[in-house]
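# Sequence and predicted structure below; questions after.
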Amino acid sequence: MTEPEHAALPMPIRAIALRYDVAEQAVRRWTKDPTFPEPVKKGRWDPQLVDRWMRRNNPGAWAYAQINQGVENPLGLPELPEDELLDAKRFGEMLAFLRPNHPEEERAVPATTIRSYESRQFVPMADRHPGDDLEPPAEYVSWRWSTVRGHIHGSRQLSAKRVAVTDDTAQES
């Protein structure tokens with residue numbers, strides 16, 4: 001049997017927490033979700049099933065773990081120039097990558113919400129403002145793509161409106 005043919009060892013709560021860089025208490029909450037995979041033995045879960053559940057139900061934490069394992073763009077974000085400026089509307093459209101379980105028309109975060117999130121420091125402060133005397137002149141409050149992408153890849157939070165998905169109702173991505 002070669003190395004890739006070996007089945008991954010079941011993970012305890014502590015290993016799941018380390019893999020997704022969250023508190024063990026968060027993992028305990030996940031395990032109480034009726035859609036979370038059943039343990040393969042007492043207190044241990046199949047890493048592949050957990051990973052599949054995370055991809056569907058907590059894509060921010062899933063992407064974070066993927067990046068730590070060397071995957072460059074796990075969410076399939078667009079390839080944009082690092083310094084391209086995105087307004088609040090486009091920022092909200094990019095956050096849709098963290099909300100795959102929401103209905104299509106609700107995935108993007110409205111621009112007004114992005115500006116509210118900025119004032120409450122839920123998203124990074126805008127990189128550019130009109131009249132900031134930088135070149136090229138900014139026509140609107142905006143964020144560099146590198147800032148937005150970093151925020152998305154660093155997000156390990158569930159969206160406020162979480163919609164759990166089971167294997168029966170979700171398509172394989």
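Happy to help now that I have it. Numbering: from 1, shown residues only.

# State the phi and psi torsions of S142.
Per-residue torsions, S142: phi -150, psi 160 (degrees, to the nearest 10).

# Quickly note the distance from W62 to A96.
For W62, the distance to A96 equals 16 Å [C-beta to C-beta, to the nearest Å]. C-betas here are computed from N, CA, C, even on glycine.

# What of A111?
For A111, the distance to A96 - C-beta to C-beta - is 13 Å.

# cool, and M11?
Distance from M11 to A96, by C-beta to C-beta: 30 Å.

# Look at those two and report which has more neighbours.
M11 (21 against 15; other C-beta atoms under 10 Å).

# So for that one, what's the pLDDT?
Looking at M11, its pLDDT is 94.

# Without its sequence neighbours, what residue ends up closest to G60?
Nearest residue to G60 in three dimensions, chain neighbours excluded: S155, at 3.7 Å (C-beta to C-beta, 6 or more residues apart in numbering).

# so who does the one you found touch?
Contacts for S155 (C-beta atoms under 8 Å, 6 or more residues apart in numbering) come out as G60, A63, Y64, L98.

# correct me, but the first one touches L98?
Spelled out, it's G60. Yes - contact criterion C-beta atoms under 8 Å: G60 and L98 qualify, at 5.1 Å.

# how does the chain divide into domains?
8-57, 85-154 (automatic domain parsing).

# any chance you could map the helices in this structure?
Ranges of helices in the chain, per DSSP state H, are 13-20, 24-32, 47-57, 59-68, 88-95, 111-119, 145-154.

# Tabulate those helices in JSON lines, adding columns for mean neighbour count.
Shown next, in JSON lines, are the helices of the chain (neighbours: other C-beta atoms under 10 Å):
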{"stretch": "helix 13-20", "mean neighbour count": "18"}
{"stretch": "helix 24-32", "mean neighbour count": "15"}
{"stretch": "helix 47-57", "mean neighbour count": "20"}
{"stretch": "helix 59-68", "mean neighbour count": "21"}
{"stretch": "helix 88-95", "mean neighbour count": "21"}
{"stretch": "helix 111-119", "mean neighbour count": "16"}
{"stretch": "helix 145-154", "mean neighbour count": "19"}
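
# Output the ones you listed as JSON lines; include the columns distance to E79.
JSON lines is the format used below for the helices of the chain (distance: least, C-beta to C-beta, whole Å):
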{"stretch": "helix 13-20", "distance to E79": "26"}
{"stretch": "helix 24-32", "distance to E79": "32"}
{"stretch": "helix 47-57", "distance to E79": "21"}
{"stretch": "helix 59-68", "distance to E79": "16"}
{"stretch": "helix 88-95", "distance to E79": "13"}
{"stretch": "helix 111-119", "distance to E79": "22"}
{"stretch": "helix 145-154", "distance to E79": "10"}
